[in-house]
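> predicted model follows, preceded by the sequence.
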There are 2 protein chains.
Amino acid sequence: MLTISQRGQQMPPSPIRKLVPFAEAAKKRGTKVYHLNIGQPDIETPPQILDAVRNSDFKVLEYSHSAGNESYRKKLVKYYAKVGINVTAEEIIITTGGSEAILFGFMACMDAGDEVIIPEPFYANYNGFAVEAGVIVKPITSSIETGFALPPIEDFEKAITPKTKAIIICNPNNPTGYLYSKEEMEVLKQIILKHNLFLFSDEAYREFCYEGTHTSAMHLTGAEDRIVLMDTISKRYSACGGRIGALITKNTDLLNAVMKFAQARLSPPSFAQILGEAAVDLPDNYFDTTKAEYKKRRDTIVKRLNNIPGVFCPNPGGAFYAIAKLPVDDADIFCQWLLESFNYNDQTVMLAPASGFYGTPWLGKQEVRLAYVLNTTAIEAAMDCLEQALAIYPGKSL
Amino acid sequence: MLTISQRGQQMPPSPIRKLVPFAEAAKKRGTKVYHLNIGQPDIETPPQILDAVRNSDFKVLEYSHSAGNESYRKKLVKYYAKVGINVTAEEIIITTGGSEAILFGFMACMDAGDEVIIPEPFYANYNGFAVEAGVIVKPITSSIETGFALPPIEDFEKAITPKTKAIIICNPNNPTGYLYSKEEMEVLKQIILKHNLFLFSDEAYREFCYEGTHTSAMHLTGAEDRIVLMDTISKRYSACGGRIGALITKNTDLLNAVMKFAQARLSPPSFAQILGEAAVDLPDNYFDTTKAEYKKRRDTIVKRLNNIPGVFCPNPGGAFYAIAKLPVDDADIFCQWLLESFNYNDQTVMLAPASGFYGTPWLGKQEVRLAYVLNTTAIEAAMDCLEQALAIYPGKSL
């Protein structure tokens, strides 16, 4: 019998897309579905950066440099300087989305059988890239009661084995919205120095911090050769379809290795590199406007959630996600029920069950992730649906 | 000590880019370098498909479907029908370049330690993707004396072990230009049926066949569930920087597995999907013009090469590459010498030593790959340089 690989069988399906057939069926029945399940913002891509692509003038759509266009990398040095990150163009490798930065980082730092520690709940696709690289994810649990703060140092140390090669954080966090404090980042630095680990820092949502300030892993002095920054323009400029990210490190051996992975796939996409380069020239107040809009949405959704009886949602400090605990027995079943069996004035809401973001199988059963990527009017309507749904849902735990 | 992974160390550097520093130094000295080392065509990207991107009208650069836009996949069904390949939109997964199709195919069909057989010389990046997937490449040798025809069936059978999962071919071939005959394709079908293997078929150069007709692996009836087509628009439309390819198979289990890899990286690039979709509407004579141009270049370069004393170059049936045997002891050293120590009227030529395309370490030492991606005037000038260089080169084997 001809079969696919074990790896292909083990590869996890996307937890945020598994309910899509039910949403499609609901739409076919005429029900409006508010999509709070996926981090696809409705914020317009800045027209001037789309225009940079539209006005581009070349005759041949050539391969770029495998590390990305030098002109783009030089521009990015200025962007990073503005956010207090001191890097050179040679320390930046442009990747096909943040996704490829994660894959290259995993592959270049870890071998099959090596372990990576990730505070859970975590971005579900880390699981997929771990399967691709043959790496084992060791989750340590952060809790909704503490707002998903960094787990205590003891939990990290209990999880560390001779196979442990790295810790990943996403800051501010997808899916929890938690913003790690300077003190928590210093704790991570102590752990990676003591135990000789890499720290992968996914900072896709750097600009979207509503409480406190962002501490980049690149700010951790004395650990420079252990830091791998995984970045993307997808959320920053509402440019998810461009597929442009970056892997940044000051570790020369690692840069050389990542470059070989970059060469094997030839180059990152050319069109969106033009867009990314133009984005560095956006006026400094661009993020003020976007951030203010997301903060308004966060305030709206968190207030509405906590006003629903039995619902608890900690106030996320950044990104555009919130995790809420619902008074239901099984959020997977509830989310499907919302699409299959419920509507309120011909409307319903699509949420992502949080179980898919946990590595520990029994966790997150009562939790959902909400992406506040819609405007406040839509969020209010979606919360009306959720409130009505919870009032009549039969599978309630309260 | 914090170290990178074994995989990162084993990852091969690009053999076609390793001489780049010497080319840059030559240019700094004022020497014009004719680049026959890399498959970046000078043919203009059709302006109407660039315009499709430039005239695109959307507000948000969104993620596409993980399998690629449905509208694009439906259009591709028409493209494939034109070349006699019968597929549905559901059997096509759009990838980030042909590169990602290769990686997804390897990962979904093979586990670490599994083996893949490839006739050598072969596209060097197969090595890189094999290292990423932990797969072992078993080369079987095709020879310049036979024009790089498919090795005999006995050579395949000698190489097959219980770990063998697949055979890869590139047709027409990079780096040899060889076009596999219908009979050779039937031999491959018999082997994969008898030994229960996948056949990965890289058909990037399908349209560029100068002798005989192209037999796609998708034409092999009775082996449908074993065929994995790896495709790309890069060379077809001179759109290398778009990074759009496709993995196509009728094996449902494999499609489902590949879809999970596709979901993990979210989506292929949006801009170039617009370009790819527009390309399907190019007039039918588009390829006639392009093919005639490449054929003229092939005829020019092959004639010039065989007119140089001691040089032998079989006439390639397709693609835009030729491999030539030179009267030198070590083509790696000769190619570096061309850039470092030679010029003819302040001009020189950059070639790719063929050793990097062989899996067997001692093979190809006297051979080079030439990509005829420049116009005939440039090719003539490049051949003048090569002829002069060989006349005076001290490291000659004749």
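The structure has been received and is ready for your questions.
> so where's chain A uncertain?
Low-confidence segments of chain A, defined by pLDDT under 70: A:1, A:397-398.
> helices of that one, start to end?
With DSSP state H as the criterion, chain A has helices at A:6-10, A:20-28, A:47-54, A:70-82, A:97-109, A:125-133, A:153-159, A:182-195, A:252-264, A:270-279, A:286-307, A:331-340, A:376-392.
> CA atoms of the fourth one as CSV?
When you say that, I think you mean helix A:70-82. The C-alpha trace of helix A:70-82 is given here as CSV (Å, rounded to 0.1, in the frame of the first residue of the first chain):
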residue,chain,number,x,y,z
GLU,A,70,19.2,45.0,0.0
SER,A,71,17.3,48.3,-0.4
TYR,A,72,14.4,46.8,1.7
ARG,A,73,16.7,45.5,4.4
LYS,A,74,18.5,48.8,4.7
LYS,A,75,15.1,50.5,5.1
LEU,A,76,14.1,48.0,7.7
VAL,A,77,17.2,49.0,9.8
LYS,A,78,15.5,52.4,10.1
TYR,A,79,12.2,50.9,11.1
TYR,A,80,13.8,48.9,13.8
ALA,A,81,15.8,51.8,15.0
LYS,A,82,12.5,53.7,15.6
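> is that helix anywhere near chain B?
No: residues of helix A:70-82 contacting chain B under CB under 8 Å from any CB of the partner chain: none, with a closest distance of 12.4 Å. All C-beta spots, glycine's among them, are computed from the backbone N, C-alpha and C.
> if we can go back for a sec, nearest to A:Thr215, of the helices of chain A?
Relative to A:Thr215, the nearest member of these by CB to CB is helix A:182-195, separated by 4.5 Å.
> dump that closest one to PDB, restricted to CA.
Written as PDB, here are the backbone C-alpha positions of helix A:182-195 (Å, rounded to 0.1, in the frame of the first residue of the first chain):
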ATOM      1  CA  LYS A 182      10.200  44.100  31.200                       C
ATOM      2  CA  GLU A 183      10.500  42.000  34.400                       C
ATOM      3  CA  GLU A 184       9.100  38.900  32.700                       C
ATOM      4  CA  MET A 185      11.400  39.400  29.700                       C
ATOM      5  CA  GLU A 186      14.400  39.600  32.200                       C
ATOM      6  CA  VAL A 187      13.200  36.300  33.700                       C
ATOM      7  CA  LEU A 188      13.300  34.700  30.300                       C
ATOM      8  CA  LYS A 189      16.800  36.100  29.700                       C
ATOM      9  CA  GLN A 190      18.000  34.500  33.000                       C
ATOM     10  CA  ILE A 191      16.500  31.100  31.900                       C
ATOM     11  CA  ILE A 192      18.000  31.100  28.500                       C
ATOM     12  CA  LEU A 193      21.500  32.100  29.800                       C
ATOM     13  CA  LYS A 194      21.400  29.600  32.700                       C
ATOM     14  CA  HIS A 195      20.200  26.700  30.500                       C
END
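> hmm, it in reach of chain B?
No: on the criterion CB under 8 Å from any CB, helix A:182-195 is out of touch with chain B, staying 8.9 Å away.
> one step back: out of the helices of chain A, which is the most enclosed?
helix A:97-109 (a mean of 27; mean count of other CB atoms under 10 Å in any protein chain shown).
> tilt between that one and helix B:125-133?
Compare the direction of helix A:97-109 with that of helix B:125-133 by axes from the mean of the first three to the mean of the last three CA atoms, to 10 degrees and you get 80 degrees.
> just the C-alphas of helix A:97-109, formatted as CSV.
Taking Å, rounded to 0.1, in the frame of the first residue of the first chain, the C-alpha atoms of helix A:97-109 are listed here in CSV:
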residue,chain,number,x,y,z
GLY,A,97,5.6,35.7,5.9
GLY,A,98,6.4,35.3,9.6
SER,A,99,5.5,31.7,9.0
GLU,A,100,8.8,31.0,7.1
ALA,A,101,10.8,32.8,9.8
ILE,A,102,9.4,30.4,12.4
LEU,A,103,10.1,27.4,10.1
PHE,A,104,13.7,28.5,9.4
GLY,A,105,14.3,29.3,13.0
PHE,A,106,13.1,25.8,14.1
MET,A,107,15.0,24.0,11.4
ALA,A,108,18.3,25.9,11.9
CYS,A,109,18.3,25.7,15.7
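> first to last residue in stretch A:120-135, what's the distance?
End-to-end distance of stretch A:120-135 (CA to CA, to the nearest Å): 16 Å.
> quick one: is it near chain B?
Yes: using CB under 8 Å from any CB, we find that stretch A:120-135 touches chain B at A:Asn125, A:Gly128, A:Phe129, A:Glu132, A:Gly134.
> contacting residues for the fourth one?
The neighbours of A:Glu132, taking CB atoms under 8 Å, 6 or more residues apart in numbering or on different chains as the test, are A:Arg7, A:Met11, A:Leu103, A:Phe106, A:Met107, B:Met107, B:Phe261, B:Ala264.
> touching, the second one and A:Phe129? I think so.
Translated: A:Met11. No: contact criterion CB atoms under 8 Å: A:Met11 and A:Phe129 do not qualify, at 10.1 Å.
> quick one: name the residues of the stretch 101-250 of chain A near chain B.
Applying CB under 8 Å from any CB, one finds that the stretch 101-250 of chain A approaches chain B through A:103, A:107-112, A:114, A:125, A:128-129, A:132, A:134, A:165, A:196-198, A:225-226, A:238-243.
> and of the contacts of A:Glu132, the nearest to B:Cys170?
Using CB to CB, the contacts of A:Glu132 come closest to B:Cys170 at B:Met107, 18.9 Å.
> nearest residue to the residue sitting nearest the centre point of chain A other than its sequence neighbours?
By CA atoms, centre = their mean, the mean C-alpha position of chain A lies nearest to A:Asn174, the distance being 4.3 Å. Ranked by CB to CB, 6 or more residues apart in numbering or on different chains and with sequence neighbours excluded, the top spatial neighbour of A:Asn174 is A:Tyr123, at 5.0 Å.
> and that neighbour, how far is that from A:Arg29?
Distance of A:Tyr123 to A:Arg29, computed by CB to CB, to the nearest Å: 32 Å.
> got it, and A:Asn375?
Applying CB to CB, the value for A:Asn375 to A:Arg29 is 25 Å.
> which one's more surrounded, those two?
In this view A:Asn375 and A:Arg29 are compared by other CB atoms under 10 Å in any protein chain shown, and A:Asn375 has more residues nearby, 14 against 9.
> quick one: contacts for the spatially closest residue to A:Lys235 that is not a sequence neighbour?
Once flanking residues are discounted, A:Lys235 sits nearest to A:Ala204: 5.2 Å by CB to CB, 6+ apart. A:Ala204 is in contact with A:Gly98, A:Cys170, A:Asn174, A:Met230, A:Asp231, A:Thr232, A:Ser234, A:Lys235, A:Arg236, A:Ala319, counting by CB under 8 Å, 6+ apart.
> go again with 7 Å.
Contact analysis of A:Ala204 by CB atoms under 7 Å, 6 or more residues apart in numbering or on different chains lists A:Gly98, A:Asp231, A:Thr232, A:Ser234, A:Lys235.
> and of the helices of chain A, who's closest to A:Gln366?
Smallest distance to A:Gln366 across those (CB to CB): 5.8 Å, for helix A:331-340.
> what is the closest one packed up against?
Contacts defined by 3 or more CB pairs under 7 Å, 6 or more residues apart in numbering or on different chains; DSSP states H and E place helix A:331-340 against helix A:20-28, strand A:347-350, strand A:352-353, strand A:367-371.
> go through those and name the closest to chain B.
Evaluated over the helices and strands packed on helix A:331-340, closeness to chain B peaks at helix A:20-28, with 10.0 Å, by CB to the nearest CB.
> which residues does stretch A:19-28 contact?
Under CB under 7 Å, 6+ apart, the answer for stretch A:19-28 is A:Val33, A:Asn37, A:Cys335, A:Gln336, A:Leu339, A:Glu340, A:Thr348, A:Met350.
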